[in-house]
Each structure stands twice: as structure tokens, then as C-alpha cells.
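> need coordinates for the below:
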Amino acid sequence: MSDAASNYPRGVATPTQISAAGQSSAGGRGASSVAALNPVSEVEALRAKAEVLQTIVDSLAEGLAAVDRSGRFLQFNPSGAEILGKGATEGPYEAWPKTYGLYLPDRETPFPHDQLPLVRALDGESLRDVEMYHRPADSQQGRWLKVNGAPIRDAQGRITGGVVLFRDETATKEAQEALENERRYLRHLIQWQDRQRQLTAFDLHDGLVQLVTGAVLHLEAYRNKHAAANPQADAELGGVLSLLRDALDDARRLIGGLQPPVLHERGIAGAMEYLVEQHRKESGLAVEFVCDLGADRWPSEVEATVFRITQEALQNVVRHAESSRALVTLRLRDDHLELNIRDWGKGFSTQDRKSRRFGLRGIAERSRLVGGSVEIESSPGQGTSITALLPTRPMPPDTEESAS
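Model (predicted):
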């Protein structure tokens, strides 16, 4: 093909081709061929399509930048210039991190130029959601960016350039950080509450329980010494001792609810057996407990979460479900503990806002704070199933906790 012909877009007939087509045709057929292969209309159609594509690129809310193999910018749309504070530059890609103020997520380290998504796209990589921080040199404030990149290839598959699409993720990132701060605060709050329960349990055990126990022992000794001389006093003392023993039982139940010692003494499996047995005795609920954990121990915060979720869920069964039986299952699934509490009561609609009780929200929040999740399945007349997946590895300590 001649140099002149090579200047025309692929698929567009050249004047020489048109002339040859006319000469090889007879009469009016040649004229119609010339009209059909009019290069001007073809070029105008291609130009119109290019203008439409450029309009689309310019109207994108995301930034778009494209370069050729040498790193020369071919496209840099207005949104990209607005996000980065400037458009296309003539400098080499080694200067891009400084030119555009691009940093690693630590916000301090300049983004390595050879790891920039646009540079990696030139090497043939396709990338999604690369996080980087953008801060102009003249500002203390920056933006969080998410960047997608891909190579540009010709018809033969050869890389001819690279393109990136980037968006401002600052609002999303700040919302995530706010949620993480809230999670950290709630985690500290629950830990503080558990600590206060523990201290209250110790105070009750070392104070009230010991005093009442001492009173019982003294009264029993006095009764044994003087019962024969005064039968009426013996009967009255028996009534007082019965009341004091009831008070001791109530105090021990309160201590068990605040900080169950069985959790520390026997581990989560033993503590769950104790909890289920208490519910059988106190509420009459027929609770079956299935566990395959054996005597293994898990992070204390995870064991406490399993215990508290079960405690709350069984209380919900007694108070709301109107079910005569419940099933509690605890097993190891991969690197998570799977806890399920199932009843066959009246159930509720999970879409009903009134059904989102505080207790259920507390169960979900407790699970989330140790890195777990909760799924609640229920429908009217079909009972309720609560499944919690809790990690068997402890959560990494918060920065504040590590510093302290």
C-alpha cells in the first residue's frame, strides 16, 4: 500500500480505489459505486463517532487519563484535572508522584513511580481499586482515591498505551473511619461494662455473700444450742434461715450472671452446659445443647461473646418466643466458632422494624465487635434461628490499647 493510502482510516476507501472501481464498472453502475464509496462521508462519520466518545469521556464523574507507550498523555478528562488539581503534564512518569501529590495509604510515603497503576498498565497489568492518597503540595488536606488501570492494545494485541479510571473515595473512606472509630468505642464500652460486672461480682461475693453466710452459720449454731428449750423460737429461726439461704442463692445467681466463674473454670463448653442447665431449672424451657469443641480454650473475649449471646438469645426465647423447647449448637467451622440458637415459637417478620429488638441488636453488635457476624432467620409461626460466626483468633489490639 502507498503512503498516501496509509493516511486513510482502515475501512475507508481511498480516491485511487474509488477511481478503479468506477473504471471497472459499466455505465451508471460506476457512478453509483463512486457514490457508495465516498470517502468524505466515511471520514465525517468517524469524526462524529470520535466526538461522541470524547463527549462521554469529558462528562464522566470519574477521572480518566490515558498515555501512549512513551508516557505521553493522550487523554486527561476534566474530572481528572479537578480531582488531582491539574491536568496532563509533559514530565516523565518518574515525576508523576511529586507532580500530582500521590502517596501510599500511610499518607506520608510518596507512591513509588514504578507501582503507579498507569505505569503498571503499560507493563500489561490490569488493576482494580488500588488505594492511594492525594495531597497537593500547597495543601494540608488531601483526598482518598481508588484507581482502576488497564493496558491499551491494538488489533494484534500489542500494548500501545495504558488507561486509568480514578474516583474520589474521600467521603466513603471517612465514613468507614467513622464506623471503625465507633466500633472501637463500643468495644471499649463493652469491655468496660464487663469489667464493671466483674468488679461488682467480686464485691458481692466478698461482701454480701460472706456476711450472709456468716449470719447463717451463727444462727445455725445458736439454733442447735437452744432449739430444745424453745420450740417456737426454733421454728422462727428455721424460717429466718430459709430466707437467708434464698438470699444466698439469689446472690450467687446474680454473681453468675454478672461474671460467670464457670466460664473461667471450665471453658466455654462447660460454661454453656451450666447456662443451659440453669435455664432448664429456672424457666422450665426444654433446652438441648450440642457441642463438639471438647475442652479446647479460645480467646477470652470470644468465649465471653459466645456466652453472652447464648444468654440473651435464651432469655428472648423465654420472654417472647412462646416456645417450649430450644436447641443450642456450638461447633468449630474452619477458623470460626459457629453458634446457633433455634426455637420453635411464634417467630416474627425480620422486615418489621418493631421486631428489631434491643436484645437482637445487642447480639449483632457483640458479634461484630470481635470480628464476627450474625444471621437471624425468622418468620411468623415458624420460630427463630440465630447463627453467629465468631473468629477463633483474637482481634488485633487497638492503637490506643497498645500505646497504653
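> who's in contact with Leu219?
Leu237, Val240, Leu241, Leu244 (CB atoms under 8 Å, 6 or more residues apart in numbering). (Glycine included, C-beta is placed from N, CA and C.)
> distance of the third one from Glu273?
Using CB to CB, to the nearest Å, one gets 31 Å for the distance from Leu241 to Glu273.
> again with Glu265
Separation of Glu265 from Glu273 (CB to CB) stands at 12 Å.
> how about the residue nearest to His226 when sequence neighbours are not counted, secondary structure?
Nearest residue to His226 in three dimensions, chain neighbours excluded: Ala233, at 6.9 Å (CB to CB, 6 or more residues apart in numbering). Following DSSP: H, G, I helix; E, B strand; the rest coil, the label given to Ala233 is helix.
> Gly239 is in contact with Ala233, correct?
No - contact between Ala233 and Gly239 fails when scored by CB atoms under 8 Å: they sit 10.7 Å apart.
> who has more neighbours, these two?
Ala233 (13 against 9; other CB atoms under 10 Å).
> Glu265 and Glu273 - which one has more neighbours?
Taking other CB under 10 Å, Glu265 and Glu273 do not tie; Glu273 has more neighbours (15 against 10).
> give me the element the more buried one is part of.
helix 261-283 (DSSP states H and E).
> what's the answer for Ala364, then?
Taking DSSP H and E as the definition, Ala364 sits inside helix 358-369.
> what helices or strands is that helix leaning on?
Judged by 3 or more CB pairs under 8 Å, 6 or more residues apart in numbering; DSSP states H and E, helix 358-369 is in contact with helix 170-203, helix 300-316, strand 373-378, strand 384-391.
> report the angle between the first one and helix 261-283.
Helix 170-203 runs at 80 degrees relative to helix 261-283, counting by axes from the mean of the first three to the mean of the last three CA atoms, to 10 degrees.
> can you pull the phi and psi angles for Arg107?
phi 70, psi 0 (degrees, to the nearest 10).
> contacting residues around the closest residue to it other than its chain neighbours?
Ranked by CB to CB, 6+ apart and with sequence neighbours excluded, the top spatial neighbour of Arg107 is Tyr133, at 4.9 Å. By CB under 8 Å, 6+ apart, the contact set of Tyr133 is Leu102, Tyr103, Leu104, Pro105, Arg107, Gly142, Arg143, Trp144, Leu145.
> of all pairs in those, which one is the farthest apart?
Among the contacts of Tyr133, the pair separated by the greatest distance (CB to CB) is Leu104 and Arg143, at 14.2 Å.
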